[in-house]
Structures are given as C-alpha cells and as structure tokens.
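S.K.: attaching a predicted model along with its sequence, questions to come.
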Amino acid sequence: MRVLQAYFTPLSGRDTGFTGGAWDTFDPSGTRATSRDVFTADDLLSCSLLSTPIPGRAAMELLVRQPATFTQMLSAIPDDREFADVPDTHGPEFQPVRVLYAALRELPRLGPTRATKLLARKRPRLVPIVDSVVRSAMPPRTTSHWALLHAALTNDGGALQERLLDLRSKAGLSDDVSALRVFDVLVWMDGSGNADRVLRGQEIRSVESNTDE
C-alpha cells in the first residue's frame, strides 16, 4: 500500500515524485473519454511519462498517415473487458489485441514496451504492459508473458486479481487505475529498487519507468 501511494503521489517539485503516477489520468486535451478508439497526441505524449517517448516516424503513421487503419483495429477491441475475464490470451477473444500489437510493432522503432504501453493506454483493464522489469520478474526464457500473467491472475479463483484490487482500494487510488496497472507498478517499484527505498523511508528522487523499447 505504501509503495503504491508513493508512486501515485502527485509530483511535488521538479525533481521529486514519479511522472508515471500521472499516466493513468493524463488528459491535457480533455478528449480521452471521447477518443477510446483513436490514438491521439495525448496518448503518444503520455508514453513520455513512462520514459518511453513514441518516435517521430511512428507518431506520423499513427496520427497522420494511417489513423483510420489503427482506429479500425482498435475499435475491434472491447473497452470494458478485464484481462482476467478473458478465457485464453491465445483464443479468439484476445486475437484483436494481438492483431493491433503486431501492427504497432511494424512501426519504426516501436518495440514491445512502447507497443504494450500504447495498448494499455487505450485498454488499461485488458492489456498488460510488458517491459524489461516485468520480463525479468518472470521465469527465464518465457516467451508468452501475457499468458503467464493471465494464469497468475486467474489461478486460485482469481485470488491475485482480487488482491490487486484490494491494494488499490487501501491505497486510496481511483478506479482509473486498473488491476493490471497496480501489478505493473508494484513489479516495477520492486525491480527498480524503489519499493525497498519507500519501505525504508529513504528519499526518492524523480524516477520514471525503464526506457527499453
């Protein structure tokens, strides 16, 4: 709970706090609620809060050259589904996510981390972020990170899913923060060493997420 609160505490100055704590509600243009099926400039800019800015050529494809193509793929993905409620990450219900993920990966310099962050920005309850810290927390040579996480969230009657939601509530976070995001933040805070600093009461300088692509 303390770790989550430390991460999501609003920035108090130029060099303190986590910019990633603003990612979940970042909406400078005020259009997020009406652009669920459209990648916007706000969505691309939000990735900078997680230290993974979207490269210029990829931004041009998403915003100028192929917006209709990506909107069509995004609109095929429900915006009210929970990842833990999907029967199988390799099944037909999750296939539209994989189709859009593959299309994003084809854009210039858009690796798995940036692609999953863009997907999670649009479908925060359905698509987990996979970055280097998450991968390092999983068994070596794991190739299907989504499937492994899905199994963890659905085993034991969904105990982990409920635990993540309980931690969100106890930390006083809004429903805008999904269970997947709670998991992502806790794994990143632990893997980066910041969870230990929080629990020890040590000062944390401004730190963002890892910068792998």
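M.R.: Thanks, I have it.
S.K.: low-confidence ranges, the protein, go.
M.R.: Low-confidence segments of the chain (pLDDT under 70): 12-16, 204-213.
S.K.: repeat that for 50
M.R.: Low-confidence segments of the chain (pLDDT under 50): 206, 209, 211.
S.K.: go through the top helix by length along it and flag the buried ones.
M.R.: Scanning the chain for the longest helix, with DSSP state H as the assignment, gives helix 145-170. For helix 145-170, the neighbour count (16 or more other C-beta atoms under 10 Å) marks 145-146, 149-150, 153-154, 158, 160-161, 164-165, 167-168 as buried. Just so you know, the C-beta spots here come from the backbone N, C-alpha and C atoms, and that holds for glycine as well.
S.K.: let's have these in CSV, adding distance to residue 62.
M.R.: Output for the buried residues of helix 145-170, formatted as CSV (distance: C-beta to C-beta, whole Å):
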residue, distance to residue 62
145, 23
146, 22
149, 26
150, 27
153, 29
154, 32
158, 34
160, 33
161, 31
164, 30
165, 32
167, 33
168, 30
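S.K.: against which helices or strands is the longest helix of the chain packed?
M.R.: Here helix 145-170 touches helix 179-191, going by 3 or more C-beta pairs under 8 Å, 6 or more residues apart in numbering; DSSP states H and E.
S.K.: nearest to residue 187 among the buried residues of helix 145-170?
M.R.: Proximity of those to residue 187 (C-beta to C-beta) peaks at residue 149, which lies at 9.8 Å.
S.K.: any idea how far that closest one is from residue 163?
M.R.: With the distance defined as C-beta to C-beta, to the nearest Å, residue 149 ends up 14 Å from residue 163.
S.K.: do residue 196 as well
M.R.: In this view, residue 196 and residue 163 are 20 Å apart by C-beta to C-beta.
S.K.: got a list of what residue 196 touches?
M.R.: Contacts for residue 196 (C-beta atoms under 8 Å, 6 or more residues apart in numbering) come out as residue 190.
S.K.: okay, and it sits in which element?
M.R.: Using DSSP states H and E, the element containing residue 196 is helix 194-199.
S.K.: how about that helix: buried residues?
M.R.: Buried-residue list, helix 194-199, by 16+ other C-beta under 10 Å: 194-195, 197-198.
S.K.: format those residues as TSV; extra columns: distance to residue 80.
M.R.: Shown next, in TSV, are those (distance: C-beta to C-beta, whole Å):
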residue	distance to residue 80
194	32
195	31
197	37
198	33
